[in-house]
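> just to be clear, the model below is a prediction. Sequence and coordinates:
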Amino acid sequence: MIENIEELRKEATQFNLSNLDECEKFRIYFLGSKGKLKDLFSLLKEVPADKKKEMGLALNSLKIELENIYQNANNIQNKDISQDNEIDWSRPGKKINLGSRHPIEIVKNEIISIFEGIGYSISDGPEIEDDFHNFTALNFPTNHPARDMQDTFFIEKGVNELALRTHTSSVQVRVMENTTPPIRTISPGRVYRNEAISARAHCFFHQIEGLYIDKEVSFADLKQNLLYFVQRFFGPKATIRLRPSYFPFTEPSAEVDVSCTICDAKGCNVCKNTGWLEILGCGMVDPNVLINCGINPEEYSGFAFGMGVERLTQLKYKVNDLRLYSENDIRFLSQFKSVI
Ligand code: PHE
């Protein structure tokens, strides 16, 4: 019996314990429920009574020894593994692909920051509008073609007529209703028109409309504000020209052209050889609109203007197809990087 114990001890000390698999083999072979140690313990009953105690003690100390060998080896191997898992600070990092801002968002933010710089606040309003805020308050005659199904996405017809706003002038009505002048605000936002989608037209786009109401606001103020904006946006060489136009909510009204930034006003296919690019509509707020919004036109006057963000983005980045803005093509979008 004692020889068996010694033999097992020898075998255990020579066992290769260089990885966790070997440790597990060791445990099963020596300490497992069908292991070598168990076999030796079962031999105890054949040992003569006077030797039993001695053999029992020897077997127990072997058991403790084997358990220690196993435990130590196992600890060492586990430690090695955890060392392997420790962070290697010298390894190159994983590349994280940063997203980029949408070009419309970049240009919108740029326009906003220019107007903020000259004291305009920003106002927001709902995209689903009632007839009063989108049309009636803005002096649209009942049968004006802009109310027609072709231009407007109606949600609910009838007494509580609801539609997707066709311009952000509706936000300006809400501001005028709730504010005593002076008012100096811009309303950026998405607008909807019922048009067939093509390279040059879309059923939704983005506008930034401005409104300035105070005592003695004149057309010259309007012109100077717009010139300031255009020169900040397109550069100091840019000039503007105003052409008479018509909007129900402004009188007089004008369309504003900027000197073509692409060909330096020499004539190219973007400006159709005219040297000018149309960028916005504007005018003095019609007294009827002021009255509809609870502002006394005898006391106050004001101007309004509205521009399409897509149009300005198209000029800035020379994007000729409007559809690209909403197709989510990553090859298109990843070309635009900006901090604002
Ligand atoms: N609301 C007009 C449009 O959507 C733009 C505009 C705003 C024109 C303010 C004049 C004054 O086309």
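Nice, thanks for sending it over. Numbers count the residues shown, from 1 in each chain.
> shouldn't residue 304 be within a strand?
Yes: Residue 304: assigned to a strand according to DSSP: H, G, I helix; E, B strand; the rest coil.
> and after whichever strand or helix holds residue 63, which helix or strand comes next?
Assigned by DSSP states H and E, residue 63 belongs to helix 49-85. Sequence order places helix 103-117 as the next helix or strand after helix 49-85, per DSSP H and E.
> the helix or strand following that following helix packs against which elements?
Per DSSP H and E, the first helix or strand lying C-terminal to helix 103-117 is strand 121-122. Contacts defined by 3 or more CB pairs under 8 Å, 6 or more residues apart in numbering; DSSP states H and E place strand 121-122 against strand 183-192. C-beta coordinates here come from the backbone N, C-alpha and C atoms, glycine included.
> so where do the strands sit in this structure?
In the chain, the strands defined using DSSP state E lie at 121-122, 128-130, 154-156, 162-164, 183-192, 204-214, 240-247, 250-259, 276-285, 301-308.
> least reliable of the ones you listed going by mean pLDDT?
Among these, strand 154-156 has the lowest mean pLDDT, at a mean of 86.
> picking up where we left off before, with residue 44 as the reference, name the closest of the strands of the chain.
Nearest to residue 44, of all the strands of the chain, is strand 183-192, at 88.0 Å by CB to CB.
> what strands line up against that closest one, and which way round?
strand 121-122 (parallel), strand 204-214 (antiparallel) (DSSP bridges).
> mind putting those strands into TSV with distance to residue 190 and mean neighbour count?
TSV is the format used below for the strands paired with strand 183-192 (distance: least, CB to CB, whole Å; neighbours: other CB atoms under 10 Å):
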stretch	distance to residue 190	mean neighbour count
strand 121-122	15	13
strand 204-214	5	22
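> redo those strands as TSV? Include distance to residue 154.
Shown next, in TSV, are the strands paired with strand 183-192 (distance: least, CB to CB, whole Å):
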stretch	distance to residue 154
strand 121-122	28
strand 204-214	15
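> nearest to the ligand, of the ones you listed?
Proximity to the ligand (CB to the nearest ligand atom) singles out strand 204-214 among the strands paired with strand 183-192, at 4.9 Å.
> what about dumping the CA coordinates of that closest one to CSV?
Extracted in CSV, the C-alpha atoms of strand 204-214 (Å, rounded to 0.1, in the frame of the first residue of the first chain):
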residue,chain,number,x,y,z
PHE,A,204,-40.7,68.8,-49.1
PHE,A,205,-37.8,71.2,-48.6
HIS,A,206,-36.5,73.6,-46.0
GLN,A,207,-37.0,77.3,-45.6
ILE,A,208,-35.7,80.1,-43.4
GLU,A,209,-38.0,83.0,-43.2
GLY,A,210,-37.3,86.2,-41.5
LEU,A,211,-39.5,88.8,-39.9
TYR,A,212,-38.7,92.3,-38.6
ILE,A,213,-41.4,94.5,-37.1
ASP,A,214,-40.8,97.7,-35.3
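> find the nearest non-adjacent residue to residue 204, please.
Nearest in space to residue 204, with sequence neighbours left out and distances taken as CB to CB, 6 or more residues apart in numbering, is residue 192 at 4.8 Å.
> meant to ask about residue 9, not that
Among residues not flanking residue 9 along the chain, residue 62 sits closest, at 5.9 Å (CB to CB, 6+ apart).
> which residues are in contact with that neighbour?
5, 8-9, 37, 40 (CB atoms under 8 Å, 6 or more residues apart in numbering).
> which one of these is nearest to the ligand?
residue 37 (90.7 Å).
> for the chain, what lies in contact range of the ligand?
For the chain, the residues in contact with the ligand (CB under 6 Å from any ligand atom) are 167, 169, 209, 247, 250, 281-283, 304-306.
> hang on, the earlier thing: avg pLDDT for the helix holding residue 63?
Per-region confidence: helix 49-85 scores 84 on mean pLDDT.
> per-residue confidence at the residue nearest the centre of the chain?
What sits nearest the mean C-alpha location of the chain, by CA atoms, centre = their mean, is residue 101, with 7.2 Å. Looking at residue 101, its pLDDT reads 90.
> any idea how far the residue lying closest to residue 140 once chain neighbours are set aside is from residue 146?
Excluding its sequence neighbours, the residue lying closest to residue 140 (CB to CB, 6+ apart) is residue 248, at 4.9 Å. Using CB to CB, to the nearest Å, residue 248 is found at 8 Å from residue 146.
> show me the contacts for the closest residue to the ligand within the chain.
Per CB to the nearest ligand atom, residue 306 is where the chain lies closest to the ligand, at 2.8 Å. Each residue near residue 306 by CB under 8 Å, 6+ apart is listed here: 167-169, 207-210, 280-282.
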